[in-house]
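# no sequence on hand, only this structure:
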DNA sequence: TGCTTTTGTGACAGATACGTAACAGTTTTA
DNA sequence: TAAAACTGTTACGTATCTGTCACAAAAGCA
């Protein structure tokens, strides 16, 4: 039961393309699971976390973008690299894909060799730390698998939203996030919430982070948004 | 017999096919037992729970469908993954429609490689890596062999579902499991059960674990699920 | 300094998630 | 065969979280 071959999840509605992908990935020595739509993909991820996901953009019902967004909202699945496949080559689409949190973007028709290289590259990037999703910043440690956050020796108590917020920040310390971006990342897409609500949750996050003392690690960037550190 | 070899039960009435299957599974490092009909299968399951069952659909007397259904009704055996073998692909849909609760379907003639992959995949889903028959957490000890749980010096009395719930938790202490994941692992996959039912059984597990005193080791993670510790 | 814009924050009502007792239907045990 | 144990669902109470508002505070600007 050698579990040391990386597991790849292929999400593609078109059977022929799906099999081509799967075949090539298997030939490369990966353990492949297949999903033919977004719902199935999310289910499979839940059941058996793959090491990487190759995701078609255009799919009926739940689009690749939406699947990606949902994966990136949940801290425990956020760390799985997503390679987005799309027929659209415009820069705008690529930006949009990456904006949603995709880790790489490959335009169809792709060369198999190139795609394999990208898969390996993403795995190389993430694999070393694959043992539990664990983010650190300063003396703050967030463990996605156990949903625990500690600062120094103290365990912090965060609400669900604050937890996701912090996890988003810790993904890229120092990066400035606009309120809109945070709403998109932390709250999800089609949800109408006042942007000022972000401020309130930032406040709550701050209170939680400094409950046992220590400096406030959240930086306000006037006119732009917030950042960690 | 080293207990860290996963045990597979092959149920197939046709001797030649049965041996092919068994041979390949043994070559993969599994401990294989054989049954040539449904009654024998149920008997063998009762006396020595296998980790996974490969079940032919068409058998005289007690059909694979019926065997599967009976296995999935009993909470004790419900968690054993069943891979159903069927002769034609159209039949797969038919069998699916019968709601047998099988975990996966493979069409004959199957490629040995594919079948092995599916077997491993199911095993990974249900029984990740912890094969040890003795799990410990804090002062709680779970002995899979004798189906007994003790806390400190006291022996606890758990129902079958609570037992499986606890053993899932103890496989990875600290990890947060969503209700869906728990339903998948503890109840089985194609089973329709309300997610809130999980809460009730968590409550029962808690009551059992704290019956003789001691802190409640089960942690509720609002919006996410439950974890041990 | 005064004026404008942006951000921080306490309060609050409504929404939501969770714990649990009760219950009816089964299965298992004695 | 009767009693005991177990399962899944429901309903209801409660704790916690959510989003919005109002106003205070801070930051920029002239």
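Right, received. Where do you want to start? What you see is a predicted model, and the numbers here were worked out from it, not measured in a lab.
# can you name the residue of chain A nearest DNA strand C?
residue A:220 (3.6 Å; C-beta to the nearest atom of the strand). (Glycine included, C-beta is placed from N, CA and C.)
# doesn't that residue belong to a helix?
No: counting by DSSP: H, G, I helix; E, B strand; the rest coil, residue A:220 is not part of a helix but strand.
# figure out the helix or strand that residue A:202 lives in.
Using DSSP states H and E, residue A:202 falls within helix A:196-209.
# report the buried residues of that helix.
A:198, A:201, A:202, A:205, A:206, A:208, A:209 (16 or more other C-beta atoms under 10 Å in any protein chain shown).
# can you name the residues that contact the nearest residue to the third one once chain neighbours are set aside?
The reference is to residue A:202. Among residues not flanking residue A:202 along the chain, residue A:226 sits closest, at 5.7 Å (C-beta to C-beta, 6 or more residues apart in numbering or on different chains). Going by C-beta atoms under 8 Å, 6 or more residues apart in numbering or on different chains, residue A:226 touches A:169, A:176, A:177, A:179, A:182, A:198, A:202, A:218, A:219, A:220.
# so residue A:50: helix, strand or coil?
From three-state DSSP, the assignment for residue A:50 is coil.
# what about it, neighbour count?
22 (other C-beta atoms under 10 Å in any protein chain shown).
# now residue A:51
20.
# so, low pLDDT: which residues of chain A?
Within chain A, the segments meeting pLDDT under 70 span A:1-4, A:127-132, A:189.
# what does it put close to DNA strand C?
A:196, A:199-200, A:202-203, A:206-207, A:220-225 (C-beta under 7 Å from any atom of the strand).
# how about JSON lines for those, with distance to residue B:104 added?
Below are the residues of chain A next to DNA strand C laid out as JSON lines (distance: C-beta to C-beta, whole Å):
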{"residue": "A:196", "distance to residue B:104": "49"}
{"residue": "A:199", "distance to residue B:104": "49"}
{"residue": "A:200", "distance to residue B:104": "47"}
{"residue": "A:202", "distance to residue B:104": "46"}
{"residue": "A:203", "distance to residue B:104": "49"}
{"residue": "A:206", "distance to residue B:104": "48"}
{"residue": "A:207", "distance to residue B:104": "48"}
{"residue": "A:220", "distance to residue B:104": "52"}
{"residue": "A:221", "distance to residue B:104": "51"}
{"residue": "A:222", "distance to residue B:104": "56"}
{"residue": "A:223", "distance to residue B:104": "55"}
{"residue": "A:224", "distance to residue B:104": "50"}
{"residue": "A:225", "distance to residue B:104": "46"}
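# turn the residues you listed into a markdown table, including distance to DNA strand D.
Converted to a markdown table, the residues of chain A next to DNA strand C look like this (distance: C-beta to the nearest atom of the strand, whole Å):
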| residue | distance to DNA strand D |
| --- | --- |
| A:196 | 6 |
| A:199 | 8 |
| A:200 | 4 |
| A:202 | 11 |
| A:203 | 9 |
| A:206 | 14 |
| A:207 | 11 |
| A:220 | 8 |
| A:221 | 9 |
| A:222 | 5 |
| A:223 | 7 |
| A:224 | 10 |
| A:225 | 14 |
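# biggest separation within these, which pair?
A:207 and A:223 (23.6 Å; C-beta to C-beta).
# ok now stretch A:221-229, how far from the chain's centre?
Put simply, stretch A:221-229 sits 21 Å off its chain's centre (C-alpha atoms, centre = their mean, to the nearest Å).
# and what of stretch A:72-83?
3 Å.
# please apply the same query to stretch A:91-110.
14 Å.
# again with stretch A:194-210
22 Å.
# cool, stretch A:133-142 as well?
On C-alpha atoms, centre = their mean, the centre of stretch A:133-142 falls 16 Å from the chain's centre.
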